[in-house]
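Novice: Build the 3D model from these lines:
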Amino acid sequence: MMHMTFYWSKNVTLLIDSWKTDSWTSYLLSLVACFVVSVFYQYLENRRIRLRLLASGKPSPASEIQVPLLRRKLLAGDKVKVGGAVLFGVSSAIGYLLMLAVMSFNGGVFVVIVVGLAVGHFVFRSEGEEEASSVVVDSSCACA
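Specialist: Now for the predicted structure:
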């Protein structure tokens, strides 16, 4: 039976039936895994925002003069779009998996994921807030 309120226990099922914790060791390792994935989520969001900032940069005057290379520049822009789409897909998937882990309603899992997101934001996303604020960031997860 799934819990519908927060509970504090070392016995938790995360995401799939085979990921069950029944000892303090397995519970703590699961919490470490949730923390690492939360920090990694913020890292991916940072990379995606940096890629978008790089793609939205103004071209230099020298690159505008080179008309024969226009097609090459267009292909490079397509690669940036594909890379951005892949990063968006992976970070969305991780965000939804983190949300589902929180929906296990285990208090320890909730606290570790929130702390991991905060630490990841502090480490990877707080240094360039003024740069990133100029870019509209679309996110599929409320925890971003």
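Novice: So which elements touch whatever helix or strand residue 113 lives in?
Specialist: Assigning secondary structure by DSSP states H and E places residue 113 in helix 107-120. The criterion is 3 or more C-beta pairs under 8 Å, 6 or more residues apart in numbering; DSSP states H and E, and the helices and strands that helix 107-120 contacts are helix 24-55, helix 70-102. Yep, even glycine has a C-beta here, placed from its N, CA and C like the rest.
Novice: Please identify the deepest-packed of the ones you listed.
Specialist: Per-stretch averages of neighbours, counted by mean count of other C-beta atoms under 10 Å, single out helix 24-55 among the helices and strands packed on helix 107-120, with a mean of 18.
Novice: quick one: which of the helices and strands packed on helix 107-120 is nearest residue 127?
Specialist: helix 24-55 (9.2 Å; C-beta to C-beta).
Novice: Now residue 19: closest residue in space, sequence neighbours ignored.
Specialist: Nearest-residue entry for residue 19: residue 13, 6.6 Å, with adjacent residues in sequence omitted and distances by C-beta to C-beta, 6 or more residues apart in numbering.
Novice: phi, psi of the one you found?
Specialist: In this entry, residue 13 is assigned phi and psi values of phi -110, psi 120 (degrees, to the nearest 10).
Novice: Report the inter-axis angle for the helix holding residue 113 versus helix 24-55.
Specialist: For helix 107-120 against helix 24-55, the angle between stretch directions is 30 degrees (axes from the mean of the first three to the mean of the last three C-alpha atoms, to 10 degrees).
Novice: shouldn't residue 10 be in contact with residue 29?
Specialist: No: taking contact to mean C-beta atoms under 8 Å, the distance of 11.3 Å between residue 10 and residue 29 leaves them out of contact.
Novice: Now do residue 30 against residue 22, distance only.
Specialist: Here the criterion is C-beta to C-beta, to the nearest Å. By it, residue 30 lies 11 Å from residue 22.
Novice: Check residue 124 too.
Specialist: For residue 124, the distance to residue 22 (C-beta to C-beta) stands at 34 Å.
Novice: Comparing the two, which residue is more hemmed in?
Specialist: Neighbour comparison, residue 124 and residue 22: the larger count goes to residue 124, with 20 against 10 (by other C-beta atoms under 10 Å).
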